[in-house]
Structure formats: C-alpha cells, structure tokens
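Quick one, what's the 3D model for this:
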Amino acid sequence: MELLFSYGTLRSKQVQMQIFNKVLVGTQDQILGFKLKSLQIEEEFGMADYVVAVPSENLEDIIHGAVFEVSNSELLKVDQFESNSYKRVHVTLKSGRVAWVYTENK
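Now for the predicted structure:
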C-alpha cells in the first residue's frame, strides 16, 4: 500500500466514490515548507478554481490535509483523474511518514 496526502478535492467522499468506488478512511497530517496557490483549470463547462501545493521559501508554511492508504492501481486512477496541471511527488509529512502528494506541474 502507498500513502496519499490530500489537501483538496480528493478528501471529498463524492470524488472518492467516483475514483475508487468507495470512501477512504484517512488520518490528519500536514506537509511543511509548502503553500497553496490558486489554479484555474479548464473543464467541460468552463474554467474552474482549484488550489495546488507549491514549495515555499518559508519552511514554516504548512498545508493541512488527510493521508489515505491506497493501492498502486488506485494511485494510477488518481493520476488519470488529476489534470496535467498537477504532478505526483513524494513528500515527508509532519508525522515523519512519506506520502505521495500532487503539486504544481511546471
């Protein structure tokens, strides 16, 4: 199993049902040295506002979120769900665990 840190849409039970066909059980955690940035993504019916994690120059910046255990095949489903504006990278969480998180794809 892999750990996936979510700070946004992936915490939604509705989105989890859409991607995984189940609701995930997560635990609260944080990533340090990152901040949230506004992001507009073109969708089927126009532009939509989202946020994306970006590295911060201030190591005290924190993003709060949830950590979920997912399988490799479930991670691939999330890769397909996320737009090309995001990329998946490993981060060390405040708890010390290492998890995947979607950050800005530059």
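
Check the contact between residue 22 and residue 68; I expect there is one.
No. Here residue 22 does not reach residue 68: they are 10.8 Å apart, not a contact under C-beta atoms under 8 Å. From N, CA and C alone the C-beta is placed, and that goes for glycine too.

Looking only at neighbour counts, state which of the two leads.
Each of residue 22 and residue 68 has its neighbours counted (other C-beta atoms under 10 Å); residue 68 has more, 23 against 10.

Quick one: residues contacting the more buried one.
Residues in contact with residue 68 (C-beta atoms under 8 Å, 6 or more residues apart in numbering) are 3-4, 6, 10, 24-26.

where's it, which helix or strand?
Following DSSP states H and E, one finds residue 68 within strand 62-70.

In ChimeraX, how would I select the buried members of the contacts of residue 68?
Filtering the contacts of residue 68 down to the buried ones (16 or more other C-beta atoms under 10 Å) takes a single ChimeraX command:
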select :3,4,6,10,24,26
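
so which of the contacts of residue 68 comes closest to residue 34?
Comparing the contacts of residue 68 against residue 34 with C-beta to C-beta picks out residue 6 as the nearest, at 13.1 Å.

Residue 54 and residue 103 touch, don't they?
Yes. Counting by C-beta under 8 Å, residue 54 touches residue 103, with 6.5 Å between them.

out of these two, which sits in the busier spot?
Between residue 54 and residue 103, counted using other C-beta under 10 Å, the more crowded position is residue 103 (18 against 15).

Excluding sequence neighbours, find me the nearest residue to that one.
Among residues not flanking residue 103 along the chain, residue 53 sits closest, at 4.7 Å (C-beta to C-beta, 6 or more residues apart in numbering).
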